[in-house]
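K.L.:
quick one: sequence and predicted model below, then my questions.
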2 protein chains.
Amino acid sequence: MATNIRDVAKAAGVSVATVSKVLNGYTTVNKQTKEKVLQCVRELQFRPNLAARSLVGRRSMTIGIFLTTGLAHPFFTRILAGMEQALQKRGYDLIYLAQMSWSKEYSLVRHCQSRNVEGVVVFGFDQGGADFGELIESRIPAVFIDLDIREGRAGYISSDNLEAAERAVAYLAGLNHRKISYLSGNEYSYANRQRLAGYRAGLAGAGLAWREEYVTKGDYTRETGYQAMQELLALPEPPTAVVCCSDMSAIGAIDAIRDAGLSVPKEVSVIGFDDIELAGYVRPALTTVRQDMMTIGRRAIELLDELIVDESLAPPEVIVPTELVVRESCGPAPAD
Amino acid sequence: MATNIRDVAKAAGVSVATVSKVLNGYTTVNKQTKEKVLQCVRELQFRPNLAARSLVGRRSMTIGIFLTTGLAHPFFTRILAGMEQALQKRGYDLIYLAQMSWSKEYSLVRHCQSRNVEGVVVFGFDQGGADFGELIESRIPAVFIDLDIREGRAGYISSDNLEAAERAVAYLAGLNHRKISYLSGNEYSYANRQRLAGYRAGLAGAGLAWREEYVTKGDYTRETGYQAMQELLALPEPPTAVVCCSDMSAIGAIDAIRDAGLSVPKEVSVIGFDDIELAGYVRPALTTVRQDMMTIGRRAIELLDELIVDESLAPPEVIVPTELVVRESCGPAPAD
DNA sequence: TTGAAAGCGCTAACAA
DNA sequence: TTGTTAGCGCTTTCAA
C-alpha cells in the first residue's frame, strides 16, 4: 500500500499533525523537527493523498479541460503543449473531462465538483453553442479559449483575430489588390466574427468599399473553402485576393482556383489563417496568419491559476498577437 | 456548495447509508425507497464526491496518462481521440500526469497513488529509456503503447510493425526493386526494432541479401531522414527504393533525392510510415504504412479497464494491423 | 429493509 | 512547539 501521513509520523517520531504542518509550510515547527520530518518524507517518498486533502477543503491541484470540438481539433496539441510547462511549474495536473455530452442531463459544474476540480479551461465552443450560465454562477474559475466570456470568475484568451485580419487585408492592398474577399468560418464562432470585423476594418483602412458578395459562408473546412471559392469565381467581378478563415479552407480555395484553370498567386492571391503544419508543405506554400497556440495554452493556465488563487480577481481578457507568415500564395494584383 | 449525500438523504427522508446503497447498486433496498432516492438524486443533480469515494477504497474512475515524448508527438491527438469514446463509455476521466520529470526524485507510482489513479497508459518511451520496475512492482495496471512490456499487471499495444515493414519490402520487390534500403528511426525504439526485423524478413522473403550499408541511422525526424538519404545516395551502389521509419523521415529523404537531382518515384521509390496528415499533401504524395492510432487509443483504454477490473488477468499483448496506403512515391525499379 | 457509526487520509482548531 | 481530536463525504459493517 501507499505510504500515508501516519507512516511518516511514526518514522519521524512525531504526531501526524506535526507532519501535516511541515508539509503545509507552517512556521510553528521546530527547525530540527522539520528537518527530521522532511527527511522521512523523502525516504518514504511520501506524497499526500490528494483525495483526502481536497476532502478537507484543501487544494486538489487539479485543473479540468473541457472540449466539444473533439480532440481532433488541429490546435489542440499545440495548446496542450503550451499548457504543459505552466502546469508543471505550478504543480497542477490536468484532467480531461471526458464524461461529457452536452445534454440536459449533464452538468459540467457537477462534474467539476465531483472531481474537486479547482478551475476549468473551456475550448471549442461557438457563441450560443452552449449555456455557460451554470458555470458562471457556480463561481468555478474558468478560462475560455476563443470565446469572449468575461463574467464572475471566468475570463478568456484568444488571438488578436481582428488585428490579424486587418493586417492581412492591408498586406493584400499593399500588393495592389482592390478586390479582396473574406472566406468565412462558422458564423457563430467568436474568432470568425472578429476576423470579419478585422476584414471590414482593413477594407476601410485601404479605402476599399465593402461588398456583400465578397463575404462567403463556410465552416473552416477544406470542403466549404472549395465551394465558397467556386462561388466567388463565378461572380461577374471575381476577387483577385482572398483572406481565408483557416488554412484548411485556404487549401480548399486553392484547389477550386486551380480547378477553374487559374493559378495562385498569379491570378488570385490567398491568405490562410492558423499556420498549421501543412501550411508550409502545400504548393504554393501558404502565406498565412500564425496563431501562437503555445502561448495561448500557457497563458490560459497562468490566468486560471491567478483566478483560482485570488478569489476577487477581475475576469481577465488576454489577446495574444499573431504574426503574418509570408510564403508563396500571395502576389501582386494582376493588371486589369 | 455542492450537494452531498446528506442532502439527498434528507430530501428522500432516508439515511445516508440507504442512499449509498442505492447508488452502489445494492439489491437490499426496497424498490419504492430506491425510486424515491433516485428521483432526489436526479432533482438535486447529485454526483458523489469522488475524492471521498476513493478515500474509502472505492473506485476513483480515473486513468492516468504519462508521456515523455512531449505532447508534440504527431500521433498523440489521434490516440487521444481514440481513447475518448472508450473513456466515456466506461465512465473514466483521463488525467494527464504533468508533474513528471524523469528524475530520481520523481516517482510515477507515488504520483498515481497520490491521485488515486486506477491505471495508467504510458506512451513515448524507448526501450531502456526509463525504468518501469517500480511501476510493475506496484501492481498498478498499466498499458504501454509501442513498448513491449508485459509483466505483472502491465501489458502493451502496438501496430503490427513487423508485418508492415515486411509487406512494404514485398511491395517494393513486386515493383522489381532489388536494392531496398531501410531508413531507421531511433535505435532503442521498440517500433523501430520491429520494423527493422520486418525489413529483414521482407528481404528474405523476396530472396534479397541483407546489406549492412543499406540500413541507416536516424531518429524519425525529417533532418535525419535527409542526412541518411544523402549517405545512401553516396554509396557505390545506391538503393532504388527506401522503406522509411516515419513519414517525416520519408519527406526528408525525398528532399535529399530531389536535391541530388533525382526524382521520386522515377529513380528512387520511397515508402513512409504512419500516414500522418501531411503524407497525402506532399508531392509526390507518400505511399505509406497507415497506423490505426484511433484503434490503438481505444483498445488501450479497453485493455486497461480489463486489467483494472480483473486483478488476475494475464498481461495482454495487442497487435493492431496496419494498412499500406498506395499513393505516388513508389514506382517500378529503374532499368539498370 | 433500514440506520447508526466507524473509518479512509488528511487538515486545523484547540489544548497542553 | 507539539499533540489530540473532530470532521471533510463517502462506504460498509453490524445491529435493529
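P.N.:
Looks like it arrived, so ask away.
K.L.:
the stretch 151-300 of chain A: strands as residue ranges?
P.N.:
For the stretch 151-300 of chain A, the strands defined by DSSP state E, counting those that start in this stretch cover A:154-159, A:180-183, A:215-216, A:241-244, A:269-274, A:287-290.
K.L.:
what does chain A put close to DNA strand D?
P.N.:
A:13-18, A:21, A:28-34, A:52, A:55-57 (CB under 7 Å from any atom of the strand). The C-beta positions use only the backbone N, C-alpha and C, and glycine is treated the same way.
K.L.:
again, only using 6 Å
P.N.:
Residues of chain A found near DNA strand D (CB under 6 Å from any atom of the strand) are A:14-18, A:28-30, A:33, A:55-56.
K.L.:
which one of the residues you listed is nearest chain B?
P.N.:
Of all the residues of chain A next to DNA strand D, chain B sits closest to residue A:55, with 4.9 Å by CB to the nearest CB.
K.L.:
give me every residue that touches the closest one.
P.N.:
B:49, B:51-52, B:55 (CB atoms under 8 Å, 6 or more residues apart in numbering or on different chains).
K.L.:
all helices for the stretch 51-200 of chain A, in order.
P.N.:
Taking DSSP state H, counting those that start in this stretch as the test, the helices found in the stretch 51-200 of chain A are A:76-90, A:108-114, A:133-138, A:161-174, A:190-205.
K.L.:
next, the angle from the longest one to helix A:161-174.
P.N.:
To tie it back to what came earlier, the one meant is helix A:190-205. Counting by axes from the mean of the first three to the mean of the last three CA atoms, to 10 degrees, helix A:190-205 lies at 40 degrees to helix A:161-174.
K.L.:
residues in contact with helix A:190-205: which ones?
P.N.:
By CB under 8 Å, 6+ apart, the list of residues contacting helix A:190-205 from outside reads A:126-127, A:146-148, A:158-159, A:161-170, A:173, A:180, A:182, A:184-186, A:209-210, A:215, A:220, A:243, A:245, A:273.
K.L.:
can we see that at 6 Å?
P.N.:
A:127, A:146-148, A:161-162, A:165-166, A:169-170, A:182, A:184-186, A:210, A:243, A:245 (CB atoms under 6 Å, 6 or more residues apart in numbering or on different chains).
K.L.:
what does the fourth one give?
P.N.:
With contacts defined as CB under 6 Å, 6+ apart, helix A:161-174 is touched by A:180, A:191, A:194-195, A:197-199, A:201-202, A:206, A:241, A:243, A:271, A:289, A:322, A:324.
K.L.:
check the second one too.
P.N.:
Outside of helix A:108-114, the residues that reach it under the criterion CB under 6 Å, 6+ apart are A:64, A:97, A:120, A:134-135, A:138, A:140, B:2, B:45, B:47, B:49-50.
K.L.:
gap between the residue most central in space within chain A and residue A:252?
P.N.:
Computing the C-alpha centroid of chain A and ranking residues by CA atoms, centre = their mean puts residue A:145 first, at 4.1 Å. Residue A:145 sits at a distance of 25 Å from residue A:252 (criterion: CB to CB, to the nearest Å).
K.L.:
that concludes my questions; thank you for your assistance.
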